[in-house]
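Engineer: Sequence first, predicted model second:
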There are 2 protein chains.
Amino acid sequence: MSIINVARQAGVSIATVSRAFNAPESVAPATRTAVTAAAAELGYEPNLSARTLRTQRSRTLGVVLPTLLNPVFAETLAGIAGAAADAGYSIIPLTTDYREAQELQALRLLSGRSVDGLILTVADAERSATLAALKRARRPYVLAYNRHPRHPCVSVDGETAMAELVARLQQLGHRRILMVSGHLSASDRAQQRYRGYAAAMQAAHSAAELLELPFIDNAPEQLLQRLGGADRQHRPTALVCSNDLLALRCMRAAALAGLRVPEDLSVIGFDGMALGTELRPSLASISQPNEGIGRRSVAWLLDCLDRGKAPRAADSLTLPHQLRELESMRAPSCSTL
Amino acid sequence: MSIINVARQAGVSIATVSRAFNAPESVAPATRTAVTAAAAELGYEPNLSARTLRTQRSRTLGVVLPTLLNPVFAETLAGIAGAAADAGYSIIPLTTDYREAQELQALRLLSGRSVDGLILTVADAERSATLAALKRARRPYVLAYNRHPRHPCVSVDGETAMAELVARLQQLGHRRILMVSGHLSASDRAQQRYRGYAAAMQAAHSAAELLELPFIDNAPEQLLQRLGGADRQHRPTALVCSNDLLALRCMRAAALAGLRVPEDLSVIGFDGMALGTELRPSLASISQPNEGIGRRSVAWLLDCLDRGKAPRAADSLTLPHQLRELESMRAPSCSTL
DNA sequence: CTGTTAGCGCTTTCAT
DNA sequence: ATGAAAGCGCTAACAG
């Protein structure tokens, strides 16, 4: 079922059929109707491969994310998929598990598919071979979540957000605030969040303390140890976590250590995954507009594509974050101070 | 950078280059080396659109799922994406929000992209216009999660699973077991799960009771009412939910009604989303191999594609489920009986 | 084992 | 406003 059948059916040339679809105004109304009718009758759908081959535009976007098992990225992908679909674009998602080798592999897979552009979240924008390759190939791209002065990014200001959170906790009366994260070296975002935490702690003349947890089992020994110590004076009254999944683990570890959240310990996450509000206690978090980050990335990229230029680092977008002060966060009770 | 450049560089014809890539054994070792070297030097990647146009095979799969905001489907997509990538296939995911209009729209988008096959989860396989269209178009497809005698499906036996769960609850001493679901008419899977529940309740001479909740706010009035009633004799001792997300809401509603889980009320979900094990209490659930369902669907579909035939309903796969008896489920305490 | 060549379905000059 | 025809990059006969 090709353009040829439609042309025959409508009694016109294939060029006219093509025009009727791609530049309707350049075709006489009567002809247009005839073509449309013929196409509908035959159930004709233009062949994208042929169109791509001819125009060198695929109307397809590559999407490279760390994992879909973290709801944050699932939400982001939902936003990307929605925005892309609205614009008539398809997406090809690939996941990397935070591994550079997989990032490069993803790029290779996508390069053959001649995607018009990519949206990606890399482990560390500064030292990313993937981004270097991308620049070299001069393919338009937008980074989601990453923040870097030399790349086009859509993100929130995690450093400021974290500093605000710590300030707010201090204001509530918290003094011993522990930060928990995965391996800092594995994520430039975690590093930024830590900077915000450390700066705010220093500003308040409190001691910063970081606990890096291996991302393996459910109730990490280290955390239990740190929380379970008999010495109430040294136990933190609040845990700020570099992401929501980690915060969940912390809440569970706290419960296992016999601590109540938030009575004995406040736990705050980062990301604002939708699920957090469904829990009990609901998860306090610095919420990012995850779907929004996805949508805006697509919108920006498509806008650039339309004008034939690549997104520029200087036009990077910082979206607003929000402190979600939910049930897992509150002022420390007297007994814990 | 096309096959022509490589041919020139290697001093052979374009046909030889093509063969060197697609049937290396049919080319002299020396020639092969020359071609490979030339390709590497030029950074050549075969153009998929051209190949697709010529061969009518895109090495791309369409994936149609209800939503990515439910972790179950995010896990499924992760499995699909992994298996597809391993086989050198790309996927184009589309979401439908359980709406038939969007299912049809998805099909339209995919038809132009000439995907080799599709994997989909539809709201109701029995009355699905989408599946009808798919059959008419003779495109190979596999349903994930849906179960239907006339379609090729990869799923677990939700009816049996639910019956087993209810039997186990009865064995633990539960008598007043309430089932909670979304609108039954919206999902053939929920219907199957309900059948299993009803049958098992009847077998135990207990009264089946279904609460259909609108999928809108976080702590549905109806549920609170049903749980909060002063009359302890009529309050259920266990809630079986048609999915994990709903179970989460139930746990939250229970807490708001002043009930402890599992001391006062057991809550069991269905799906086995990974996040459930991270909560406190951890979520008991009938767990399905979500990533596995995705992977197996891809494997089956690709296998059929290789042999040039479409998956047949008769070869449908039922994967094993498992009762995850975690913290949110236990025998009723004396005071609640 | 290798080369020549005809299209896959579409868009886009260039004529008319 | 419409048609004729070239060609996007590749594969698969076919010929040698």
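Structural biologist: All right, it came through fine. Treat the numbers as computed from the prediction; the structure is a model and nothing was measured.

Engineer: and the stretch 101-250 of chain A, which of its residues are near chain B?
Structural biologist: Counting by CB under 8 Å from any CB of the partner chain, the stretch 101-250 of chain A comes close to chain B at A:Arg108, A:Leu109, A:Ser111, A:Gly112, A:Arg113, A:Ser114, A:Asn218, A:Leu245, A:Leu248, A:Arg249. For the C-beta atoms, the positions are set from N, CA and C on the backbone; glycine is no exception.

Engineer: if I look at the fourth one, how far off is A:Arg139?
Structural biologist: When you say that, I think you mean A:Gly112. Distance of A:Gly112 to A:Arg139, given as CB to CB, to the nearest Å: 13 Å.

Engineer: Helices of chain A, start to end?
Structural biologist: A:3-10, A:14-22, A:29-42, A:48-55, A:71-86, A:100-112, A:129-137, A:158-172, A:188-203, A:221-228, A:244-256, A:290-306 (DSSP state H).

Engineer: Let me have the residues of the stretch 101-250 of chain A next to chain B in JSON lines, adding neighbour count as columns.
Structural biologist: Shown next, in JSON lines, are these (neighbours: other CB atoms under 10 Å in any protein chain shown):
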{"residue": "A:Arg108", "neighbour count": "10"}
{"residue": "A:Leu109", "neighbour count": "20"}
{"residue": "A:Ser111", "neighbour count": "19"}
{"residue": "A:Gly112", "neighbour count": "16"}
{"residue": "A:Arg113", "neighbour count": "20"}
{"residue": "A:Ser114", "neighbour count": "19"}
{"residue": "A:Asn218", "neighbour count": "12"}
{"residue": "A:Leu245", "neighbour count": "23"}
{"residue": "A:Leu248", "neighbour count": "24"}
{"residue": "A:Arg249", "neighbour count": "22"}
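
Engineer: quick check, nearest of these to A:Gly82?
Structural biologist: Of all these, A:Arg113 has the smallest distance to A:Gly82: 21.0 Å, by CB to CB.

Engineer: Pull up the gap between that closest one and A:Ala85, please.
Structural biologist: According to CB to CB, A:Arg113 stands 18 Å off from A:Ala85.

Engineer: A:Asp315 reaches A:Pro152, doesn't it?
Structural biologist: Yes. Taking contacts as CB atoms under 8 Å, A:Asp315 lies within contact range of A:Pro152: 6.5 Å.

Engineer: neighbour count winner among the two?
Structural biologist: A:Pro152 (22 against 11; other CB atoms under 10 Å in any protein chain shown).

Engineer: contacting residues for that one?
Structural biologist: Neighbour list for A:Pro152: A:Tyr141, A:Val142, A:Leu143, A:Trp300, A:Ala310, A:Pro311, A:Arg312, A:Ala313, A:Asp315, A:Ser316 [criterion: CB atoms under 8 Å, 6 or more residues apart in numbering or on different chains].

Engineer: let's see 7 Å
Structural biologist: A:Val142, A:Leu143, A:Pro311, A:Arg312, A:Ala313, A:Asp315, A:Ser316 (CB atoms under 7 Å, 6 or more residues apart in numbering or on different chains).

Engineer: For ChimeraX, what selects the buried ones among the residues you listed?
Structural biologist: To isolate the buried members of those in ChimeraX, using 16 or more other CB atoms under 10 Å in any protein chain shown:
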select /A:142,143,311,316
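
Engineer: From the contacts of A:Pro152, pick the one nearest A:Phe73.
Structural biologist: Closest approach to A:Phe73 among the contacts of A:Pro152 (CB to CB): A:Leu143, at 13.5 Å.

Engineer: Spatially nearest residue to the closest one, not counting backbone neighbours?
Structural biologist: In space, and not counting its chain neighbours, A:Leu143 is closest to A:Cys153: 4.5 Å by CB to CB, 6 or more residues apart in numbering or on different chains.

Engineer: Pretty sure A:Val122 is one of the things the one you found touches, is it not?
Structural biologist: No. If you go by CB atoms under 7 Å, A:Cys153 and A:Val122 don't touch, sitting 10.6 Å apart.

Engineer: shared neighbours of those two, anything?
Structural biologist: Common contacts of A:Cys153 and A:Val122 (CB under 7 Å, 6+ apart): A:Leu143, A:Asn146.

Engineer: Compare these two and say which one has the larger neighbour count.
Structural biologist: Taking neighbours as other CB under 10 Å, A:Cys153 and A:Val122 compare with A:Val122 leading, 27 against 23.

Engineer: Roughly how far does the nearest residue to that one once chain neighbours are set aside sit from A:Asn290?
Structural biologist: Distance criterion CB to CB, 6+ apart; nearest residue to A:Val122, sequence neighbours excluded, is A:Ser128 at 4.7 Å. Distance from A:Ser128 to A:Asn290, counting by CB to CB: 22 Å.

Engineer: which of the two has more neighbours?
Structural biologist: Legend: neighbour count by other CB under 10 Å for A:Ser128 and A:Asn290, higher for A:Asn290 (26 against 21).

Engineer: which residues does that one contact?
Structural biologist: A:Val72, A:Glu75, A:Thr76, A:Gly79, A:Gly272.

Engineer: For the residues you listed, which two are the farthest from each other?
Structural biologist: Greatest spacing in the contacts of A:Asn290, by CB to CB: A:Gly79 and A:Gly272 (13.2 Å).

Engineer: The two - which one has more neighbours?
Structural biologist: Legend: neighbour count by other CB under 10 Å for A:Gly79 and A:Gly272, higher for A:Gly272 (24 against 21).

Engineer: What does the pLDDT read for that one?
Structural biologist: If you check A:Gly272, the pLDDT there is 96.

Engineer: From DNA strand C, how far off is the residue lying closest to it once chain neighbours are set aside?
Structural biologist: Spatially, and ignoring its direct neighbours in sequence, A:Gly272 is nearest to A:Ser287 (2.3 Å; CB to CB, 6+ apart). Distance of A:Ser287 to DNA strand C, given as CB to the nearest atom of the strand, to the nearest Å: 42 Å.

Engineer: In contact with A:Leu110, which residues?
Structural biologist: Applying CB under 7 Å, 6+ apart to A:Leu110 gives the contacts A:Gly62, A:Ile92, A:Leu118.

Engineer: Would you mind giving the residues you listed as CSV with neighbour count added?
Structural biologist: Shown next, in CSV, are these (neighbours: other CB under 10 Å):
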residue, neighbour count
A:Gly62, 25
A:Ile92, 23
A:Leu118, 24
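
Engineer: where are the low-confidence patches of chain A?
Structural biologist: Low-confidence segments of chain A (pLDDT under 70): A:215-219, A:230, A:335-337.

Engineer: got the residues of it near DNA strand D?
Structural biologist: A:11-16, A:19, A:26-28, A:30-31, A:50, A:53-54 (CB under 7 Å from any atom of the strand).
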